[in-house]
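S.K.: Fold the stuff below for me.
(one chain, ligands or ions: 2)
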Amino acid sequence: MKNISIIGAGSFGTALGVVLGSKEYTVTIWAREKEVVEGINNKKFNPAYLKDVGLPHSVKATNSLEEAVKSSEMIVFATPTHALREVAAKVKPFLNGKEIIVSIAKGIEKDTLMTPSQILVDVLEGTVLEDQIGVLTGPSHAEEVATLKPTTVVSAAYSKRVARIIQETFMTARFRVYLNNDIIGVEIGGALKNIMAIAAGIVDGAEFGDNAKAALMTRGLHEMKRMGAVLGASMDTFSGLTGMGDLIVTCTSKHSRNRFVGFHIGQGKKLDEITSGMNMVAEGVKTTESVCQWSQKNNVEMPITNAVYKVLFENISPVQMVEELMTRNPKEEKMI
Ligand SMILES: NC(=O)C1=CN([C@@H]2O[C@H](COP(=O)(O)OP(=O)(O)OC[C@H]3O[C@@H](n4cnc5c(N)ncnc54)[C@H](O)[C@@H]3O)[C@@H](O)[C@H]2O)C=CC1
Ligand SMILES: O=C(CO)COP(=O)(O)O
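M.R.: Ligands and ions are numbered 1, 2, ... in the order given. Okay, here's the model as predicted:
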């Protein structure tokens, strides 16, 4: 592997530029913002995201998708889920059909209810085979990846060959990549932990306490498994890095944007007020809507997701949310 493209120069695209650049691949980052391209090319830093991080010399940037993907062997899509379909469709005409395609997004698309890899399979059909597509996901805050803090993630793909290529390509002494053959399981974990992190942030912001947060994370994991079970995921995946691992880091880290949104809701702010002040995406907001659509369509009970939906979009208060969750019918502690 020599030439790699990263499509999207946000926090995680930039962090992966540091990882891949440190391996001396030629890395081309596509950014839609002109000043980001100038900053990366002329000063070796991204002026909009992770401003304090220096990028290796082998990393360059461009505003042109054609130039970004030309002669690349691997294309890493690093936009949020809601932009993936549109951006992948724009990239498609410039592909030669032999590339390995990687998604790092964590979400579920509204209405289609597709995971990021399913969106790529759908959009790139006719140019790229399903077997060329995979994902890289797990507990990996960009701020820590970019500053070479030890991080472990998971590579999963529609073929073992491609999962292995992704593993070998990204692996460094500070960025360890495991293989998992359960692509739907790792994507469900990555998407749903963001909803649970919003809930955990609400618990912290409203000072509901540590017992509530432990309950939320544990029952949240069961909810993730419940959706995964219906979609054919392996239950073991949810005990791993992309399930419990990513749930822990996102529900507890000072870096989490989803937890940040929840925290300020817990403190009494409104969703619009919070997100309008952020230049970064909190995927859990849109994913809450998608997963509520999914649970209604499939008649699967997802009480935490539903409660978060009501706080975000129907203006119920965090206190009402807790009351609603705590006064449900008595149950057995089922593990999914
Ligand atoms: N930040 C992190 O620690 C991690 C993020 N992720 C996931 O990676 C994905 C991207 O997240 P971040 O890089 O953190 O987001 P970010 O908010 O830092 O950056 C998003 C990037 O996508 C671009 N973008 C947004 N909408 C676009 C559109 N319609 N067309 C073209 N470009 C568009 C923005 O210009 C920006 O460059 C998300 O799914 C996130 O959950 C995964 C692992 C870690
Ligand atoms: O996915 C992440 C860490 O693994 C990033 O989480 P946030 O989007 O909440 O910051």
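
S.K.: ok, residue 307 - contacts?
M.R.: By C-beta atoms under 8 Å, 6 or more residues apart in numbering, residue 307 lies in contact with 199, 321, 324, 325. Heads up, the C-betas are built off the backbone N, CA and C, glycines and all.

S.K.: Which pair of those residues spans the longest distance?
M.R.: Using C-beta to C-beta, the two most remote members of those are 199 and 324, lying 12.2 Å apart.

S.K.: Neighbour count: the two, which is higher?
M.R.: Taking other C-beta atoms under 10 Å, residue 199 and residue 324 do not tie; residue 199 has more neighbours (30 against 15).

S.K.: For the helix or strand the more buried one falls within, the averaged confidence score.
M.R.: Counting by DSSP states H and E, the element that carries residue 199 is helix 183-205. Taken as a whole, helix 183-205 has a mean pLDDT of 98.

S.K.: Next, see if that helix gets close to ligand 2.
M.R.: Yes - counting by C-beta under 6 Å from any ligand atom, ligand 2 is contacted by helix 183-205 at 194, 197.

S.K.: thought residue 164 was touching residue 178?
M.R.: No - using C-beta atoms under 8 Å as the test, residue 164 is too far from residue 178 to be in contact (11.4 Å).

S.K.: which residues in the stretch 151-300 of the chain form strands?
M.R.: Per DSSP state E, counting those that start in this stretch, the stretch 151-300 of the chain carries strands over the ranges 151-157, 175-179.

S.K.: Of the ones you listed, give the one that comes closest to residue 277.
M.R.: Closest to residue 277 of these is strand 151-157 (C-beta to C-beta; 27.7 Å).

S.K.: Count the residues that sit near residue 278.
M.R.: By the criterion of other C-beta under 10 Å, residue 278 has 12 neighbours.

S.K.: check contacts around the closest residue to ligand 1 within the chain.
M.R.: Distances between the chain and ligand 1 by C-beta to the nearest ligand atom are smallest at residue 10, namely 1.8 Å. Applying C-beta under 8 Å, 6+ apart, we find residue 10 in contact with 49, 78, 79, 80, 280, 281.

S.K.: Apply 6 Å and report the result again.
M.R.: Counting by C-beta atoms under 6 Å, 6 or more residues apart in numbering, residue 10 makes contact with residue 49.

S.K.: Quick check: it vs ligand 2, distance?
M.R.: Using C-beta to the nearest ligand atom, to the nearest Å, residue 10 is found at 10 Å from ligand 2.
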